[in-house]
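Chemist: Pasting the sequence and the predicted model now:
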Amino acid sequence: MAETRRRALITGVAGQDGGYLAEHLLDRGYEVFGLALPGEEVAGGLDDGDHVLRGSLTDSASLEAALRRSGPAEVYNLAAATSVAASFLDPFAAAEVTGLGVLRLLEAVRRVDPTIRLLQATSSEIFAGAEVSPQDERTPLSPRSPYGVAKAFAHQMMSVYRESHGLFAATAILYNHESPRRGLNFVTRKVTDAAARISLGLQEELRLGNLEVSRDWGYAPDYVRAMRLILADDVADDFVVATGEMHSLRELLDIAFSAAGLDWRRHVVSDPDLFRPVEPVHLCGDASKARSHLGWAPSRAFDEVIREMVAADLDRLKGAAPPPPARPGPAGPPASLPRPGGYDAGSSATARRAGPPPDPDAPHGKR
Amino acid sequence: MSRTALITGITGQDGTYLAEHLLAEGYEVHGMVRGQNNPRIALVKQLVPDVRLIEGDLHDQSSLIAALESSQPDEVYNLAAISFVALSFKQAINTGEITGLGVTRMLDAIRLVNAGIRFYQASSSEMFGKVRETPQTELTPFHPRSPYGVAKTYGHHITVNYRESYGIFACSGILFNHESPRRGLEFVSRKITHGAARIKQGLDTQLSLGNLDAQRDWGFAGDYVRAMRLMLQQDVPDDYVVATGETHSVRELLELAFGHAGLRWQDHVVVDERFLRPAEVDMLIGDASKAHRVLGWQPTVSFPELVAMMVESDLRAVSSTAPRATLP
């Protein structure tokens, strides 16, 4: 056991992945620092005084200060403006935070300590227009949203800094990954939350966009394990992190509503207004390289993830529910409970709201 | 009816050529300039006096909205950029802001002011970088190797995105290197022709260069600006490679340029490692078949003609400003 613990800094620590990664690294004996926006609530694990630093990817000085203060061996950049749908409404936020923010972080690392290992959370949205499926690390980038375009910028910039400045700049090309802590503006959580609400009599219907879409949906705690493995490798590289399985929104609805004892066909409305301007068709990841090179493999099947999410939503909502419905949901205890307050920015504020979330959905937003 | 165009980057090489071309085609041309004391404005006034200059900066979206509102263009040509690859390694964030995000600011300004405005984005062969196939077409995957190339790739992608998602008539012209007597002195072609002229006039004895084996597809800027206008006259917006389809090395360029000045380049050229790129791009050769077929575009100036044109111009410029040359 080393005398000084290995230090890590996580940006976007208030998000789903940030929380799981902080826990994972703490478990592995790291000293973990988190970077969060001023005022952002950070739950679990990290001591707000010493280990939660405030700053933003839009502010180079705050990034340098955070690096100097935490003195990390590893930096995980999970901060981004994460909603694809919102990026159509505000392409600048996507560009400034999700795109240029990574460049600011790269420059800050270069100035403060070029030996820092940096992991960038790239998104499968960089392949939204892909003509081949599944995609791997060699698949040409074809983003189809301002969010995806910004993520592509960041991804390519990582490669430039790796090649030209010799930084250990690695990327995890992450396909959708879900959990009970997923933000309510994401389609999986929107569905599991609605299934729970409808079964508890808190909500009557669920409006979604295109029900025909399919995604490669994994389990967030599995994906943060891959991030650490990538930075523990000998050389900086790009790795697709995905399950390689496609499931449709209909399957998701089937599993989630069944878990709440419901038939989704009686509650779900497909609203053309919630369709994306451009819908990716074949987002399915080939994680062979991560499996063979890093020894990584997902631990949860799709239906297990969704059932865990419904169970957590049922548990959370029961306290807020009016008199229980005649037919209780069949869900058992979840495998792991979300922390009170949740990790997602805004989720604690919206968790107890009675109606459906007002935001259009990711990946089903309207522009 | 006469059309109106707004050109960003009017003070650059392409800006003045495009302005001349559009004026000759009967356009009313507005040129966007930035800075209160931009020394290149005088050059624009001298070369294309009929261009109306308006202020604006790709850093500042409200200035773009104001420029669109005051010029009311039918067509916008976005040629402004931090366009020098070497500088982009030193000023990466600024390059991202101007060359990359500046495109979004202009596209969004168009969406707000008049979504019917047609938009041309000056994309670059530097997006291909470490090339996946040769020659490169509109379908070749991008693999940029410099902050400039990454920022240009962002600009290309967001242009396609505004076309697909917001219905803007937005075209991306993927232009391979294009040169002229107006090329900036920091670019290797002009550095060589200017250097040859200075050496010929006895003002210099040596020329320091980076990689002599680097190969590029070099065309004439005056030809390339015609392709820009043609793209915006089509029925549907699309992306086009604009290139000669020929590749030449820096060595060949030296041979032609110094030969035209009656010199042997081997007597004057030294390789300086400071001019080597951190990551060199591979052999860039464009396949402009689509531009030939759809736009009816063809280049008119060959590579030897281009180099001769540039050396002649530099010889004239150098001899008119030079103190009495002391030739051996």
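Modeler: Noted; the coordinates are in hand.

Chemist: Domain-wise, how is the chain divided?
Modeler: I'll assume chain A. Using automatic domain parsing, the domain parsing of chain A gives A:7-177+A:217-241, A:180-216+A:245-281+A:301-350.

Chemist: that's the wrong chain, I wanted chain B
Modeler: Segmentation of chain B into domains, based on automatic domain parsing, reads B:4-178+B:218-242, B:184-216+B:247-282+B:301-321.

Chemist: What average pLDDT does the shortest one get?
Modeler: It refers to domain B:184-216+B:247-282+B:301-321. Average pLDDT, domain B:184-216+B:247-282+B:301-321: 92.

Chemist: Stretch A:40-51 too?
Modeler: Across stretch A:40-51, pLDDT averages out at 79.

Chemist: What residues sit buried inside it?
Modeler: By 16 or more other C-beta atoms under 10 Å in any protein chain shown, the buried positions in stretch A:40-51 come out as A:Glu40, A:Glu41, A:Val42, A:Ala43, A:Gly44, A:Gly45, A:Leu46, A:His51. No exception for glycine: its C-beta is placed from N, CA and C like everyone else's.

Chemist: Now the last one: closest residue in space that isn't a chain neighbour?
Modeler: In other words, A:His51. A:Phe33 (5.1 Å; C-beta to C-beta, 6 or more residues apart in numbering or on different chains).

Chemist: residue contacts, that neighbour?
Modeler: A:Arg7, A:Ala8, A:Leu9, A:Ile10, A:Leu46, A:His51, A:Val52, A:Leu53, A:Ala66, A:Arg69, A:Ser70, A:Pro72 (C-beta atoms under 8 Å, 6 or more residues apart in numbering or on different chains).

Chemist: ok, A:Gly148 - contacts?
Modeler: A:Gly148 neighbours (C-beta under 8 Å, 6+ apart): A:Val84, A:Ser87, A:Ser123, A:Glu125, A:Ile126, A:Ala128, B:His157.

Chemist: Ignore what I typed, I meant A:Asp286.
Modeler: A:Pro134, A:Gln135, A:Asp136, A:Val240, A:Ala242, A:Gly244.

Chemist: I'd like those residues laid out as a markdown table, including distance to B:Pro49, secondary structure and pLDDT.
Modeler: Below are these laid out as a markdown table (distance: C-beta to C-beta, whole Å; DSSP: H, G, I helix; E, B strand; the rest coil; pLDDT from 0 to 100):
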| residue | distance to B:Pro49 | secondary structure | pLDDT |
| --- | --- | --- | --- |
| A:Pro134 | 58 | coil | 96 |
| A:Gln135 | 53 | strand | 97 |
| A:Asp136 | 56 | coil | 97 |
| A:Val240 | 56 | strand | 98 |
| A:Ala242 | 59 | coil | 98 |
| A:Gly244 | 63 | coil | 97 |
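
Chemist: Narrow those residues to those that are buried.
Modeler: A:Pro134, A:Gln135, A:Asp136, A:Val240, A:Ala242, A:Gly244.

Chemist: from these, which is closest to A:Leu118?
Modeler: When the buried ones among the contacts of A:Asp286 are ranked by distance to A:Leu118 (C-beta to C-beta), A:Val240 comes first, at 18.2 Å.

Chemist: Can you name the residues that contact the closest one?
Modeler: A:Gln135, A:Asp136, A:Glu137, A:Ile173, A:Tyr175, A:Gly285, A:Asp286, A:Ala287, A:Lys289, A:Ala290.

Chemist: Identify those among the contacts of A:Phe33 that sit within strands.
Modeler: A:Arg7, A:Ala8, A:Leu9, A:Ile10, A:Val52, A:Leu53 (DSSP state E).

Chemist: between those, which is nearest chain B?
Modeler: A:Leu9 (20.0 Å; C-beta to the nearest C-beta).

Chemist: Let me see the confidence value for the spatially closest residue to the closest one that is not a sequence neighbour.
Modeler: Nearest residue to A:Leu9, sequence neighbours excluded (C-beta to C-beta, 6+ apart): A:Pro72, at 4.1 Å. At A:Pro72, the model reports a pLDDT of 98.

Chemist: surely A:Pro72 meets A:Thr11?
Modeler: No - in terms of C-beta atoms under 8 Å, A:Pro72 does not count as a neighbour of A:Thr11; the distance is 10.7 Å.

Chemist: which one of the two has more residues nearby?
Modeler: A:Thr11 (28 against 24; other C-beta atoms under 10 Å in any protein chain shown).

Chemist: Would you mind naming the residues that bridge with that one?
Modeler: According to DSSP bridges, the partner residues bridging A:Thr11 are A:Leu35, A:Asn77.

Chemist: mind listing what it touches?
Modeler: Counting by C-beta under 8 Å, 6+ apart, A:Thr11 touches A:Gly18, A:Gly34, A:Leu35, A:Leu57, A:Val75, A:Tyr76, A:Asn77, A:Leu78, A:Ala79, A:Leu105.

Chemist: contacting residues around A:Glu205?
Modeler: A:Ile198, A:His267, A:Val268, A:Val269.

Chemist: And for B:Val250?
Modeler: Going by C-beta under 8 Å, 6+ apart, B:Val250 touches B:Val188, B:Ile192, B:Leu209, B:Asn211, B:Leu212, B:Asp213, B:Ala214, B:Gln215.

Chemist: rewinding a little: with pLDDT and neighbour count added, can I get the contacts of A:Gly148 in CSV?
Modeler: Putting the contacts of A:Gly148 into CSV (pLDDT from 0 to 100; neighbours: other C-beta atoms under 10 Å in any protein chain shown) gives the following:
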residue, pLDDT, neighbour count
A:Val84, 86, 27
A:Ser87, 90, 28
A:Ser123, 96, 26
A:Glu125, 95, 30
A:Ile126, 96, 28
A:Ala128, 93, 26
B:His157, 98, 29
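
Chemist: In strands only, show me these.
Modeler: Per DSSP E, those map to strands at A:Ser123.

Chemist: Show me which of the contacts of A:Gly148 is closest to A:Arg144.
Modeler: Checking the contacts of A:Gly148 against A:Arg144 by C-beta to C-beta gives A:Ala128 as the nearest, at 3.8 Å.

Chemist: Counting neighbours, what do you get for residue 155?
Modeler: Chain wasn't specified; assuming chain A. Around A:His155 there are 22 residues (other C-beta under 10 Å).

Chemist: please go with chain B instead
Modeler: Neighbours of B:Gly155 (other C-beta under 10 Å): 29.
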